[in-house]
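> show me how the following folds:
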Amino acid sequence: MTHEAGPGSVQTADTALALAAEFPAAERAQWQELVAAVLRKSGRLPEDFEGAPESKLVTRTYDGIEIQPLYTAEDALGEPGFPGLPPFVRGARPQGAVSTGWDVRARHVLPGAKAANAAILADLEGGVGSVWLRLGEGALPVSALADALNEVYLDLATVVLDAGADYEAAAEALFEIYAEREIPASAALGTLGADPIGVAARTGDAASVAPAAALAARVAAGYPKVRTIVADGLPFHEAGGSDAQELGATIAAGVAYLRALTEAGLDVDAAAGQLEFRLAATADQFLTIAKFRAARRLWARVTEVSGVSVEARGMRQHAVTSPAMLTQRDPWVNMLRTTLACFGAGVGGADAVTVLPFDAAIGLPDAFSSRIARNTHAVLLEESRLAGVIDPAGGSWYVENLTDELARAAWAEFTAIEAEGGIEASLASGALAARLAETWDKRAKRLATRRDPLTGVSEFPNLTEKPVERSPLPSTVEGGLPRHRYAEAFEALRDASDAYLAEHGVRPRVFLATLGPVAAHTARATFAANLFQAGGIEPVNPGATDDLPGEFRASGAKIACLCGTDDAYAADAVKAAASLAEAGAETVLLAGKPQDYAGVGGYVFAGCDALDVLRGIHAQLGVSR
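Numbering: from 1, shown residues only. So this is what the prediction gives:
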């Protein structure tokens, strides 16, 4: 059977697919011309600019990695290898997660045994494969572990303990449960969660790894499906660290544990088998994909030089959607953030993935938020069939380059930590903390200028949103590395605004003085309103009016902001500022780049330090917390 030929058509089963071959060949120079035209139109490329126009589109990560706007075959790095074979970039297992999907791991922080048990059973019935339990001070008591795990089949569902410094007591409690339920040691599933280095990072106290190593030696001898130690990267991530810093510090912790385990009598293969690595997954899907691929490459190199056999070099990875990226304001957006993070971790090949509930930054999750968290996995695994392809990003020129550069940056951080005497010495000296703080300062500046936007917080905030109320989360350990959330500074301003509203009955206000016709001032008025609301400041916009002074007096505001085009400012800004000042405006701002306009006391524009502007307004209006 044949069909008449046409553009891009298929004639028979033997006919080659023409598709793009029938179009004129595209050259890089043509693309550069198009890029240059767009950049000139937007004003980002001077007419006399010499060089590659796409250089204006290059972005940089916090590790200094340059992200190019276009990757081509010229950027190919060679063969990326195969799943299940060194350096394991494409996965630690040859079969990937095609038949099983990743391990859906739910985190549980409820302090009461009865409530925890109900939540655990609901998760397991809803598709969760393993349970991550927080134990100890401010959480579920170790003595209540058996009640919390009532009716849980411990030879089918993996239990991951998170007891901080109480990991030995928690492990003993779990062993007792195995014995009471007559679960053979060979069938028991679990991760004991011993992480003295992580505890030291969180608390600032020195912690010995020797007891954890001794426990691991005992476990390795009797419980073949139980892991003892977790090398947790979340303390470094939540301190504001970059992806490479998180990876480097986590690999350094893994090396410290590997040394301690072999000193405790384990051979290197058994020692490597006792480790699990926990890493943050963020809404930056490509960096998340690259992070988990790069982590396996790094650990493969460490285990190779340590003499670990090829079969035991694979890294066991547990991905957790970033606590730092979660917001308290407009928390519904967190559902989107965690979906992207889960996607990135799954595509990146993580063995287990935890999606934190969208209300995790507010307090204890409820049944609804827990259901949404586990259903995020279900949509990606069952409906989207995301695990149906091994390493779907493999071979992408962009992803392969990003993986390679991130691995190199992380290796540099790892070797720096080793040169400082190892992770414990680096934490004790403050050297690692100083580097993390430096990165946080850079991140905080980008957050303040909204170059790193936070939807629902620094962008498109909703001052009328109804707060989501949850039972408070018991206080966590402090004293070591700081714990940051990216939204914390803006949300502090929103909290202050709420307190002001409760006291005065109105929010702090700024009057938007629009100049010119609606079509002319809408863009800058919208920009200014968005910025002010990010700080809990209500913008009062009367629209086009012939009586700016009268409208300002009626608004009850003390501060005004001019909004219009550059032409409108040139014609009317000075006059408008004077009339507003005469009407009682204590300060007149202008939405746009700084110019020499008499009477204007400040400017708000793209790239300005929004937090600095908002804090100044709060101070002027007497908004306090």
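> give me the neighbour count for the residue nearest to residue 423 when sequence neighbours are not counted.
Among residues not flanking residue 423 along the chain, residue 252 sits closest, at 4.0 Å (CB to CB, 6 or more residues apart in numbering). For glycine as for every other residue, the C-beta is placed from the backbone atoms N, C-alpha and C. Residues lying near residue 252 (other CB atoms under 10 Å) number 27.
> and the helix or strand hosting residue 252, what's buried?
Per DSSP states H and E, residue 252 falls inside helix 243-263. Applying a neighbour-count criterion of 16 or more other CB atoms under 10 Å, one finds 243-258, 260-262 buried in helix 243-263.
> could you do stretch 574-594 as well?
Residues 576-577, 579-581, 583, 585, 587-592 are the ones in stretch 574-594 that count as buried (16+ other CB under 10 Å).
> next secondary structure after the helix holding residue 252?
Criterion used, DSSP H and E; the element after helix 243-263 is helix 268-273.
> what element comes up after that following helix heading to the C-terminus?
strand 275-281.
> helices and strands around that next one, which ones?
strand 226-232, helix 234-238, helix 243-263, helix 285-305, strand 317-321, helix 333-348 (3 or more CB pairs under 8 Å, 6 or more residues apart in numbering; DSSP states H and E).
> spatially central, which residue of this structure would that be?
residue 282 (2.8 Å; CA atoms, centre = their mean).
> show me what contacts it?
By CB atoms under 8 Å, 6 or more residues apart in numbering, the contact set of residue 282 is 288, 321-322, 325, 337, 340-341, 344.
> rerun that using 10 Å as the cut-off
Counting by CB atoms under 10 Å, 6 or more residues apart in numbering, residue 282 touches 237, 243, 288, 291, 321-322, 324-325, 337-338, 340-341, 344-345, 486.
> any idea how far residue 232 lies from residue 193?
9 Å (CB to CB, to the nearest Å).
> what sits in contact with each of these two?
162, 276, 278.
> the second one: neighbour count?
When you say that, I think you mean residue 276. For residue 276, the neighbour count with other CB under 10 Å is 23.
> relative to residue 233, how far out is it?
For residue 276 relative to residue 233 (CB to CB), the value is 11 Å.
> give me the common contacts of those two.
Joint contacts of residue 276 and residue 233 (CB under 10 Å, 6+ apart) are 254, 318.
> rewinding a little: now, the most widely separated pair of the contacts of residue 282?
Farthest-apart pair in the contacts of residue 282 is 345 and 486; separation 18.6 Å (CB to CB).
> okay, these two: which has more neighbours?
residue 345 (31 against 23).
> that one contacts residue 393, correct?
No. Counting by CB atoms under 10 Å, residue 345 sits too far from residue 393 to count as a contact (11.9 Å).
> shared neighbours of the two, which are they?
With CB under 10 Å, 6+ apart, residue 345 and residue 393 have common neighbours 285, 289.
> any idea which helix or strand in the chain has the lowest mean pLDDT?
In the chain, no helix or strand scores lower on mean pLDDT, DSSP states H and E than helix 518-534, which sits at a mean of 88.
> CA atoms only: put that one into CSV for me.
Only the C-alpha atoms of helix 518-534 are listed here, as CSV (Å, rounded to 0.1, in the frame of the first residue of the first chain):
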residue,chain,number,x,y,z
VAL,A,518,-4.5,53.6,31.6
ALA,A,519,-2.6,51.8,28.8
ALA,A,520,0.5,53.9,29.6
HIS,A,521,0.7,53.4,33.4
THR,A,522,-0.7,49.8,33.8
ALA,A,523,2.6,48.0,33.5
ARG,A,524,4.4,50.0,36.2
ALA,A,525,1.4,50.3,38.4
THR,A,526,1.1,46.5,38.4
PHE,A,527,4.8,46.1,39.1
ALA,A,528,4.7,48.5,42.0
ALA,A,529,1.5,47.0,43.5
ASN,A,530,3.1,43.5,43.3
LEU,A,531,6.3,44.7,45.0
PHE,A,532,4.4,46.5,47.8
GLN,A,533,2.1,43.6,48.5
ALA,A,534,5.2,41.3,48.9
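> which parts of it are buried?
For helix 518-534, a neighbour-count test (16+ other CB under 10 Å) marks 520-521, 524-525, 527-534 as buried.
> next, the buried residues of stretch 180-192.
188-192.
> biggest helix in the chain by residues?
helix 397-419 (DSSP state H).
> name the helices or strands packed onto the next helix or strand after it?
Under the assignment DSSP H and E, the closest C-terminal helix or strand after helix 397-419 is helix 423-429. Counting contacts by 3 or more CB pairs under 10 Å, 6 or more residues apart in numbering; DSSP states H and E, helix 423-429 packs against helix 196-203, helix 234-238, helix 243-263, helix 397-419, helix 431-448.
> extract the C-alpha trace of the helix or strand hosting residue 620 and format it as CSV.
Under the criterion of DSSP H and E, residue 620 resides in helix 610-621. Written as CSV, here are the backbone C-alpha positions of helix 610-621 (Å, rounded to 0.1, in the frame of the first residue of the first chain):
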residue,chain,number,x,y,z
ALA,A,610,12.8,45.1,47.4
LEU,A,611,13.4,44.1,51.0
ASP,A,612,15.3,47.3,51.6
VAL,A,613,12.5,49.3,50.1
LEU,A,614,9.8,47.5,52.1
ARG,A,615,11.6,47.6,55.3
GLY,A,616,12.1,51.3,54.9
ILE,A,617,8.3,51.8,54.3
HIS,A,618,7.6,49.6,57.4
ALA,A,619,9.9,51.8,59.5
GLN,A,620,8.4,55.0,58.3
LEU,A,621,4.8,53.8,58.9
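> could you list the buried residues of that helix?
610-611, 613-618, 621.
> residue 440: which of these is nearest?
Using CB to CB, residue 611 comes nearest to residue 440 of the buried residues of helix 610-621, at 14.4 Å.
> isn't that closest one right up against residue 458?
Yes. With contact defined as CB under 10 Å, residue 611 reaches residue 458; the gap is 8.8 Å.
> can I get the helices and strands packed on strand 275-281 in TSV with distance to residue 378 and mean pLDDT?
Below are the helices and strands packed on strand 275-281 laid out as TSV (distance: least, CB to CB, whole Å; pLDDT from 0 to 100):
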stretch	distance to residue 378	mean pLDDT
strand 226-232	26	98
helix 234-238	24	98
helix 243-263	28	98
helix 285-305	19	98
strand 317-321	15	98
helix 333-348	11	98
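> can you pull the pLDDT of the nearest residue to residue 240 once chain neighbours are set aside?
Of all residues not flanking residue 240 in the chain, residue 440 sits nearest, at 2.7 Å (CB to CB, 6+ apart). Residue 440 carries a pLDDT score of 98 in this model.
> what does residue 18 give?
At residue 18, the pLDDT recorded in the model is 66.
> ok, now the one 3 residues further on?
Per-residue confidence (pLDDT) for residue 21: 69.
> farthest pair in the buried residues of stretch 574-594?
Spanning the widest gap among the buried residues of stretch 574-594 are 583 and 592, at 21.5 Å by CB to CB.
> burial check on residue 99, number of neighbours?
Residue 99 has 8 neighbours, counted by other CB under 10 Å.
> tell me who's in contact with it.
Contacts of residue 99 (CB under 10 Å, 6+ apart): 387-388.
> can you rerun that using 6 Å?
Contact analysis of residue 99 by CB atoms under 6 Å, 6 or more residues apart in numbering lists nothing.
> can you pull out the low-pLDDT segments for the protein?
Regions of the chain meeting the criterion pLDDT under 70 cover residues 1-21, 475-476, 519-520, 625.
> does residue 511 count as helix, strand or coil?
strand (DSSP: H, G, I helix; E, B strand; the rest coil).
> now for it, how many residues are close by?
For residue 511, the tally of surrounding residues (other CB under 10 Å) stands at 26.
> that one: what's it in contact with?
540, 552, 555, 557, 560 are the contacts of residue 511 under CB under 6 Å, 6+ apart.
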